[in-house]
Each structure stands twice: as C-alpha cells, then as structure tokens.
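Q: Sequence and predicted structure are below.
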Amino acid sequence: MAEIKDGILGGVHGKIGPVVGFMWRGRYFLRSTPRKSNKSASEKQIAQRSKLSLVSTFANKVKDFVNANYPLTMLNDKMATGKEQLISMLMKDGVLKIEGELCLDIASVLLSIGTLPPAVIKKISKLKTEKIKVQWDNSITNVLTKDSDRLTIIAYSEKLLEFKEIESIARREDKYVHFDLPKEWVEGNVHFWSVWKSADGKLVSTSAYHGVTELNESVEVENAESEGKSVVENMVSGELDAENGEGNNGNGILSSYEGVKEENMKSDRIETGALSNIDSAKAEAQIGENMGSSNLKNQEVFKKIEDYEPWSVLEALKRIEEQDE
C-alpha cells in the first residue's frame, strides 16, 4: 500500500498497482515494479554481481568518512556522493582475480580526495608497548600547508573486517606520534591510510595508503633487531681481525690464495728452528713439501703459489744467525 505524506500533491511512498513510489536525494520518483526474469544469468552477469557485492560491502564499512571527505561531483550525469564515487573507482580498477577468486586491491582505495598537500609518512611500526608509531617528513610545503594541519589515521582490520578512524592525533609540525588501536585488535593484519586536514577542517588531503602491519609480529621484530646486532658485531669483529693480520679479505671470507699463503707462512715459522742448521737446498725442499701438503683444489691457486719467494725464508734465517752471533 502506498502512502501520500504531504497531501494529494505530495510524494508517494510504496506500491500503487504496477508502479512504486520512493524518495532519492530529497526528490520523489515513481518506477515500474520489477519483473521476475526466467532467464538464467550469464557468467558475465554473475561475475559483475559478485564484483559489485564485494565492493559495496567494503565501501559501506567506511561510507561516513568517505562521504565527509570526498567532494560532490557529477557521475553519469548525476550528483554522486563519496561512497558512490569510491564504488565506481573500485569497480573499474580495484578488483583483481587471483586463482579464480575476486579480491579487492586495498592499495587502490582512496578514502579522501582533496587539495591539501600531505606530509610524507616515513614509517608506521608497532612498538613493544603495543602502541603504533607514525613518523613523517614535513619538509614538503606550499601556501596551503600549515604547522597546525592535523593528521588522521584510518586503520582496517582484516580479521575483524572493521575500520577505525583515529582523528586529529597530531599536528604537522610534530613529525611523529604514538597511538593505540582498539583493545580487541590483538592479532591479524591491519592496513593504514593517512589523511591531513587543515585546523579549520576546510581543506583535506587525498588519502595515502601505507601498507599492512601484522599486530602479532612484535616478538619477530625484536628477534630481527637482535639478529641484526649480531651481524653488525660479527662484521666489526671481522674488520678488527683483518686489521690484526688474521687474513680476512674484508668480506668475512678467506680467499683461497690468502689462506694457502698464510698456512705456508705458519709452516715456515714452525720449521725455522729445524732449518737453522741445514743448507739452502734443504730449506727449499722443506718449503716445497709444506706447500705440497696444503689442501689445494684450484689450479689457479697453484699458479699463484709459484710466485711465492722461498729465498725470503733464507734471508730470515741469516738474520737469526747474525743475531745469535
């Protein structure tokens, strides 16, 4: 049954025979009663309906924020709200098909559109205190930007399928801020967007997407920091070893030639006492034996060893004999 609320000349709500009265954007309309179709939907129709259902469900969760931060514009010869503009954009470029399943490309979601230049978000991370830290660079400015511009963060929980708007949490001049997520957000992936607004709320920036943060990764981050510290300590130790003549080539790896040469030099030093009373020929034979006992696999290394100068050991023996005399 239809109802005429404003008298005979007023708008109509409800069904009157083959037509239905309704109000849309403050105006009253009549349309024909939809007929049931006996035709089966085609594959393209089913895909389009699934796509629209996915996009509309997502947009409905954040429609209030989007409607407040999108400018009204004409869409298909009609004035479109922020939610309708968002749905239109996602239907065109925001849905991907992965392994036969429709998926929303969250990185393509714009939650606001405006002219205020945003500060560049450098990092969003979770601290050990369970707070979220946001850092930004405010060096990009123009006549529209002010130190008093306010930062709003929008978070979306994949696990709970919920949006959370954390509004006016810092000023542009602050450069960083800490904030808490809802207590029930204890695990799962969280997506973040940033939006900047002027202090009087008249100007807004286009939203920027900042990727995903895993809430239960704090222990992993700490382990990563610890591992990073160990790596740095090992590198420093390696550099010190190199400076002290330990044979490190600067990359933490001992090259084949350097290793062989060092081993031969150690062998030469061990044999110094035994060689003190033998002639040069025996010394050269001993050095050749030491070199032959090394674990050499690369023929190029053997060629480099030919450049080794055995006479330097003899010279050392002569100096030792002179000192003993």
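A: Structure received.

Q: Could you pull out the strands in the stretch 101-250 of the chain for me?
A: 101-104, 120-126, 132-137, 150-157, 162-171, 176-179, 189-197, 208-214 (DSSP state E, counting those that start in this stretch).

Q: can you put those in JSON lines and add distance to Leu86 and mean neighbour count?
A: (Each C-beta comes from the backbone N, C-alpha and C, glycine too.) Below are these laid out as JSON lines (distance: least, Cβ to Cβ, whole Å; neighbours: other Cβ atoms under 10 Å):
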{"stretch": "strand 101-104", "distance to Leu86": "11", "mean neighbour count": "13"}
{"stretch": "strand 120-126", "distance to Leu86": "21", "mean neighbour count": "15"}
{"stretch": "strand 132-137", "distance to Leu86": "24", "mean neighbour count": "18"}
{"stretch": "strand 150-157", "distance to Leu86": "13", "mean neighbour count": "21"}
{"stretch": "strand 162-171", "distance to Leu86": "13", "mean neighbour count": "15"}
{"stretch": "strand 176-179", "distance to Leu86": "25", "mean neighbour count": "14"}
{"stretch": "strand 189-197", "distance to Leu86": "12", "mean neighbour count": "21"}
{"stretch": "strand 208-214", "distance to Leu86": "13", "mean neighbour count": "15"}
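
Q: Nearest to Asn60 among these would be which one?
A: strand 162-171 (10.2 Å; Cβ to Cβ).

Q: which intervals of the stretch 151-300 of the chain have sub-threshold pLDDT?
A: For the stretch 151-300 of the chain, the stretches flagged by pLDDT under 70 are 217-300.

Q: how near is Val62 to Lys146?
A: 27 Å (Cβ to Cβ, to the nearest Å).

Q: so which of the strands of the stretch 101-250 of the chain comes closest to Gly82?
A: Using Cβ to Cβ, the nearest of the strands of the stretch 101-250 of the chain to Gly82 is strand 189-197, at 12.5 Å.

Q: Could you list every helix and strand that that closest one packs against?
A: Where contact means 3 or more Cβ pairs under 8 Å, 6 or more residues apart in numbering; DSSP states H and E, strand 189-197 is packed against strand 150-157, strand 208-214.

Q: what are the pairing partners of the shortest one, and which direction each?
A: Applying DSSP bridges to the sheet, strand 208-214 is found paired with strand 189-197 (antiparallel).

Q: As JSON lines, the helices and strands packed on strand 189-197 with distance to Glu130 would be great.
A: As requested, the helices and strands packed on strand 189-197 are exported to JSON lines (distance: least, Cβ to Cβ, whole Å):
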{"stretch": "strand 150-157", "distance to Glu130": "14"}
{"stretch": "strand 208-214", "distance to Glu130": "12"}
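
Q: closest to Gly94 out of these?
A: strand 208-214 (11.7 Å).

Q: CA atoms only for the closest one, dumped as CSV, please.
A: Extracted in CSV, the C-alpha atoms of strand 208-214 (Å, rounded to 0.1, in the frame of the first residue of the first chain):
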residue,chain,number,x,y,z
ALA,A,208,47.7,7.8,1.2
TYR,A,209,47.9,4.1,1.7
HIS,A,210,50.8,2.8,3.8
GLY,A,211,50.6,-0.9,3.6
VAL,A,212,49.9,-3.6,6.1
THR,A,213,51.2,-4.2,9.6
GLU,A,214,51.0,-7.5,11.4
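
Q: So what touches it?
A: By Cβ atoms under 8 Å, 6 or more residues apart in numbering, the list of residues contacting strand 208-214 from outside reads 106-107, 109, 118, 121, 124-126, 132, 158, 188-195.

Q: what is the orientation angle of that strand with strand 120-126?
A: Comparing the axes of strand 208-214 and strand 120-126 via axes from the mean of the first three to the mean of the last three Cα atoms, to 10 degrees yields an angle of 20 degrees.

Q: Would you mind getting the angle between strand 208-214 and strand 150-157?
A: Relative orientation of strand 208-214 versus strand 150-157 (the same axes, to 10 degrees): 40 degrees.

Q: does Ile75 really touch Glu84, like I thought?
A: Slight slip there: residue 75 is Leu, not Ile. Yes: look at Leu75 against Glu84 with Cβ atoms under 8 Å: they come within range, at 6.3 Å.
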